[in-house]
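**Q** Next input, structure requested:
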Amino acid sequence: MKLIEFSGDHLDVLRELMNIAVGNATASIADLLKAFGTMHIPKITISDITGLKQYIQDTIPSENSHYVTKQLFGGPLGGEFIFVITDESAINLGNHLYDIDAPNDADIYDAVIELTNILSATMISRLTEELNVKVQFFVPSTQIIKGNDLIDLDEAQGYVQVIIISTQMEFQNQNINGHIFILTKDAMIQSLKDLIDQKLEELYA
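**A** Numbers count the residues shown, from 1 in each chain. This is a model prediction of the structure:
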């Protein structure tokens, strides 16, 4: 498969759109948690499956257990939204969100899913709104993973080329931190490039 190349202009537009999406998501999560939080400037990397796995291993601590929520989205632009939060942060999230001293497993799962749904809906919807398309969200799934091996063998076989968009969410006073990855692969990378081309035509018209 021929790899798709992105110019500096393509990447600049994508970064700007993701900055807008992250700003919206930060406001939505701050409203949910009734707390002040920040999200880091998104990093954008074009890679293959080996680079993706290495990127995740370099970003996610291997010594912790993590709640990993994955949500697919599809349409003119498709991909996978992944939210990763340590078990300690997930417990703090359940505690803070539901005002429970000792949240049980169901409370924690519900809190992680609720947070992920808001993050994915806000970020992806704002990104696709800026690109003048609409996408469909699929039901998210959450599992607890020890370490940072987030992409299993079956999933890896579906990746030739991937665009990694990553950022980090931090609510320091509540000790709630999480990592966000948005992965777009193969045929959808060409769709993303075409949509950015249209955005560039609008900007320079």
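**Q** what residues are up against residue 172?
**A** For residue 172, the contacting residues are residue 37, by CB atoms under 8 Å, 6 or more residues apart in numbering. C-beta coordinates here come from the backbone N, C-alpha and C atoms, glycine included.
**Q** Flag the shaky bits of this protein, pLDDT-wise.
**A** Filtered on pLDDT under 70, the chain yields the residue ranges 1, 153-154, 156-158, 205.
**Q** quick one: the helices in it?
**A** For the chain, applying DSSP state H gives helices covering 8-33, 49-59, 87-98, 105-130, 153-156, 187-204.
**Q** Residue 178 is nearest to which of those?
**A** Closest of the helices of the chain to residue 178 is helix 87-98, at 6.4 Å (criterion: CB to CB).
**Q** contacting residues around the closest one?
**A** By CB under 8 Å, 6+ apart, helix 87-98 touches 32-33, 35, 64-67, 85, 100-103, 107-108, 110-112, 114-115, 144, 174-178.
**Q** redo that, cut-off 10 Å
**A** 32-35, 64-67, 85-86, 100-112, 114-115, 142, 144, 146, 169-171, 173-178 (CB atoms under 10 Å, 6 or more residues apart in numbering).
**Q** Show me how to select, in PyMOL, the buried members of those residues.
**A** Restricted to buried positions by 16 or more other CB atoms under 10 Å, the PyMOL selection for those reads:
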select buried, resi 32+33+64+66+67+85+86+103+107+108+109+110+111+112+115+142+169+171+174+176+177+178
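**Q** for the closest residue to residue 82 other than its chain neighbours, what are its contacts?
**A** Nearest non-adjacent residue to residue 82, counting by CB to CB, 6 or more residues apart in numbering: residue 181, 4.3 Å away. If you count contacts by CB under 10 Å, 6+ apart, residue 181 has them with 52, 55-56, 59-60, 68, 70, 79-84, 150-151, 162, 164-167.
**Q** Now go through those residues and say which are in strands.
**A** Using DSSP state E, the members of these that fall within strands are 68, 70, 79-84, 162, 164-167.
**Q** Residue 203: neighbouring residues, count only.
**A** Residues lying near residue 203 (other CB atoms under 10 Å) number 10.
**Q** Pretty sure it sits against residue 9.
**A** Yes - look at residue 203 against residue 9 with CB atoms under 10 Å: they come within range, at 9.3 Å.
**Q** Not counting residues beside it along the chain, what's closest to residue 139?
**A** residue 71 (7.7 Å).
**Q** partner residues bridging that neighbour?
**A** residue 81 (DSSP bridges).
**Q** Any figure for the gap between it and residue 131?
**A** Using CB to CB, to the nearest Å, we find residue 71 at a distance of 19 Å from residue 131.
**Q** ok, now which ones touch residue 194?
**A** Residue 194 touches 76, 77, 131, counting by CB under 10 Å, 6+ apart.
**Q** what's around the second one, how many residues?
**A** To tie it back to what came earlier, the one meant is residue 77. Residues within reach of residue 77, counting by other CB under 10 Å, total 20.
**Q** I'd assumed residue 198 was in contact with it.
**A** No - using CB under 10 Å, residue 77 is not in contact with residue 198; the gap is 11.8 Å.
**Q** Residues that sit against both of the two, list them.
**A** 131, 133.
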